[in-house]
Each structure stands twice: as structure tokens, then as C-alpha cells.
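Trainee: 3D, please:
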Amino acid sequence: MKKQASLTLETEQREPPVERLLPKPQSDGLSTVLALIQRVAVDPCADVEKLERMIAMYERLKAKEAELAIQRSEGPDPKEARRHQDRQEQVRSIRSRNRKASKGHL
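Mentor: Model prediction:
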């Protein structure tokens, strides 16, 4: 019995757990999700629906990052920049009117 327990202990020490074989998640979202997918994929008890949802999330994140990379490479849209500037001016004007109105009521 001691020999069997010793063999089991030796085997466990030689064979690292699956977690140590998988890469550690990195700081960005894509690699974190991908590492999570890898961990779930090797788990024999993993829920297939959950794995499919994670893959869909990974695909959405990947598409969003690609979209953001394109936007960064193209620079800001001049029309959008102008609309933003106009909105900021409107906000300043409204705040100024509200300050003047509140001073008159006090």
C-alpha cells in the first residue's frame, strides 16, 4: 500500500498540472480571453455552451480592436471633431446662461 501511494506521489510530482502547461494570461483583453478559452477547452468537464460564448466574446473583442486600430491609423474624422467642438460650445453657452439666471434668482 505504501508503494502504491509512493508511486502516485512520484507521478504527481513529475507530471505538472494542466494549469502550469498553459500560458499565463497577459494584460490585454484579447490574450486574457484566449487564455481562458484554452483553459476551458482542455477541461473535460467544461460546458460547451460556455465555451461557445467565450469564443464569440473573443471574436467581438478582436473585431473591436481591429476597428480601433483602423481608426487610430486614419486619425480623427474632421466632421466628427467639428461636431464635438460645436457641442462643447453649446454646453459652455448653456452653463453660462444658467449661472447668470441663478445669480438673478438669489
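Trainee: Okay, domains of the chain per the record?
Mentor: As given by automatic domain parsing, the domain ranges for the chain are 8-75, 77-106.
Trainee: Tell me how far the first one lies from the chain's centre.
Mentor: Using CA atoms, centre = their mean, to the nearest Å, the mean C-alpha position of domain 8-75 is found 11 Å from that of the whole chain.
Trainee: The shortest one now?
Mentor: Centroid separation for domain 77-106 versus its chain: 34 Å, with CA atoms, centre = their mean.
Trainee: Which positions within it qualify as buried?
Mentor: Buried residues in domain 77-106, counted by 16 or more other CB atoms under 10 Å: none are found. Placement of C-beta: from N, CA and C, glycine included.
Trainee: That one - what's its average pLDDT?
Mentor: Throughout domain 77-106, pLDDT has a mean value of 82.
Trainee: before we move on, which element is L51 in?
Mentor: Here L51, judged by DSSP states H and E, is contained in helix 48-74.
Trainee: How about the contacts made by the residue nearest the centre of the chain?
Mentor: The C-alpha lying nearest the average C-alpha coordinate of the chain belongs to G29 (CA atoms, centre = their mean; 3.5 Å). By CB atoms under 8 Å, 6 or more residues apart in numbering, the residues touching G29 are L61, E65.
Trainee: try it again with 10 Å
Mentor: Shown in contact with G29 (CB atoms under 10 Å, 6 or more residues apart in numbering): M57, Y58, L61, K62, K64, E65.
Trainee: okay, now the second one: neighbour count?
Mentor: This means Y58. 18 (other CB atoms under 10 Å).
Trainee: Cool, thanks, talk later.
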